[in-house]
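[1] Attaching a predicted model along with its sequence, questions to come.
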Amino acid sequence: MSTVGHTLKKNRELRKLSIQEVCEELKISRDILIKLENDEIYKTPDMVFYIGHLRSYSNLMDLNTENIIEDFKNQISSFSNNTSENILKPSFDNNKFNFVKIFSGSIILVIFLSFYYLFINNDYKKQEYAIVPDIPEIYIPTIEKTELIIAQNKKEKSIENINLQNASSANASNKINTDNENKKFITLKFLNSTWIQIRDNSENIILSQLMEKDEEYSYGVNLGYNLTVGNAGNILVLIDNDVRGKLGKYGEILDSYIVDSKFSN
């Protein structure tokens, strides 16, 4: 009697097709095709998938697919009955069986715990430290400038406050009374790329740009310029080449800040 597997294999060979060619054409595992041809498929919960693969294979061979599937089902039933008749009732040693179960359960538990602590637990800890990624250094000045603009927009300034500020700036400038103080120079040295705006007492903009690392800008103490910076911690203040410290803390935004001859930080 010709089996379903024999029929499939015979037709494939007549068409001069290899198992690999059929596998690539149908996108079906090579092992499954070999099992179908060798009649090594038995009744399992996955039978519906094997029938689907068989249907595709039969259609490719231009066979009577419905008859092939019906023969396959009968063949499987026949194999299952023969197998059931030949299977002897096993004899179990309960003590050995219990030992095997306990041992197997212990191995599974050890593997599970090892996997958890080595991978899952470590990944969770890493995620706690990786919720917010580091910002590329190249974008920091742009972000600083944006934060500064937002801060300035939120800050409400009345005409009275502006006048008071101008008066305060003028008073600060007038405190430099001696010729020696008037001759002193302030040098701003930029430790990293930082945005800065420098204005005079009349609010005229003297400088407004992104200064690069190691650039410097100098002006006379008597000018009393107002400084607005995005990151005060990136600016080192020198007065007559005497290092007085950084303009502020890293990440600190300063608005209308005046550096005088007594500055020290």
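    Received it, and whenever you're ready, just let me know what you need.

[2] surely Asp240 meets Lys184?
    Yes: counting by C-beta atoms under 8 Å, Asp240 touches Lys184, with 5.4 Å between them. From N, CA and C alone the C-beta is placed, and that goes for glycine too.

[3] which residues do those two both contact?
    Residues touching both Asp240 and Lys184 by C-beta atoms under 8 Å, 6 or more residues apart in numbering: none at all.

[4] out of these two, which sits in the busier spot?
    Counted by other C-beta atoms under 10 Å, Asp240 and Lys184 do not tie: Lys184 has more neighbours, with 16 against 13.

[5] quick one, strands of the stretch 101-250 of the chain?
    185-190, 194-199, 205-211, 216-220, 226-229, 235-239, 242-246 (DSSP state E, counting those that start in this stretch).

[6] right, and the ones you listed - which one's nearest Glu13?
    Counting by C-beta to C-beta, Glu13 lies closest to strand 205-211 out of the strands of the stretch 101-250 of the chain; the figure is 75.7 Å.

[7] quick one: strands adjacent to that closest one?
    strand 194-199 (antiparallel) (DSSP bridges).

[8] what mean pLDDT would you report for the strand it pairs with?
    For strand 194-199, mean pLDDT is 94.

[9] now stretch 207-227
    94.

[10] What is the distance between it and the centre of its chain?
    39 Å (C-alpha atoms, centre = their mean, to the nearest Å).

[11] ok, residues contacting that stretch?
    Outside stretch 207-227, the residues that reach it (C-beta under 8 Å, 6+ apart) are 141, 145, 169-170, 172-173, 176, 181-201, 203, 206, 239, 247, 254, 256-261.

[12] Please name the nearest non-neighbouring residue to Asn11.
    Take Asn11 and drop its neighbours on the chain: the residue closest to it by C-beta to C-beta, 6 or more residues apart in numbering is Met61, 4.2 Å away.

[13] same question, Ile206
    Nearest one to Ile206, counting by C-beta to C-beta, 6+ apart, is Ile198 at 4.4 Å.

[14] Quick check: the one you found touching Asn204?
    No: judged on C-beta under 8 Å, Ile198 makes no contact with Asn204 at a distance of 9.9 Å.

[15] The two - which one has more neighbours?
    Between Ile198 and Asn204, counting by other C-beta under 10 Å, Ile198 is the more crowded of the two (19 against 8).

[16] Contacts only, for that one.
    Ile205, Ile206, Leu207, Ser208, Tyr217, Tyr219, Tyr225, Asn226, Leu227, Thr228.

[17] If we use 6 Å, what do you get?
    Residues near Ile198 by C-beta atoms under 6 Å, 6 or more residues apart in numbering: Ile206, Leu207, Tyr225, Leu227.

[18] For the last one, the count of nearby residues, please.
    Put plainly, it is Leu227. 22.

[19] Please report how far it lies from Thr194.
    Leu227 sits 11 Å away from Thr194, taking C-beta to C-beta, to the nearest Å as the criterion.

[20] If you count neighbours, what's buried in stretch 188-202?
    By neighbour count on 16 or more other C-beta atoms under 10 Å, the buried set for stretch 188-202 is Leu188, Lys189, Phe190, Asn192, Ser193, Thr194, Trp195, Ile196, Gln197, Ile198, Arg199, Asn201.

[21] ok, those residues vs Arg30, which is closest?
    Ser193 (59.7 Å).

[22] ok, for the closest one, nearest residue in space, not its chain neighbours?
    Closest to Ser193 by C-beta to C-beta, 6+ apart is Pro141, at 4.5 Å.

[23] So what sits opposite the closest residue to Phe190 other than its chain neighbours in the bridge?
    Closest residue in space to Phe190, ignoring its immediate chain neighbours: Met211 at 4.5 Å, by C-beta to C-beta, 6+ apart. For Met211, the beta-bridge partners are Thr194 (DSSP bridges).

[24] just use 647 as the starting number from now, easier for me
    Got it, the first residue is 647 from now on, which makes the last one we talked about Met857.
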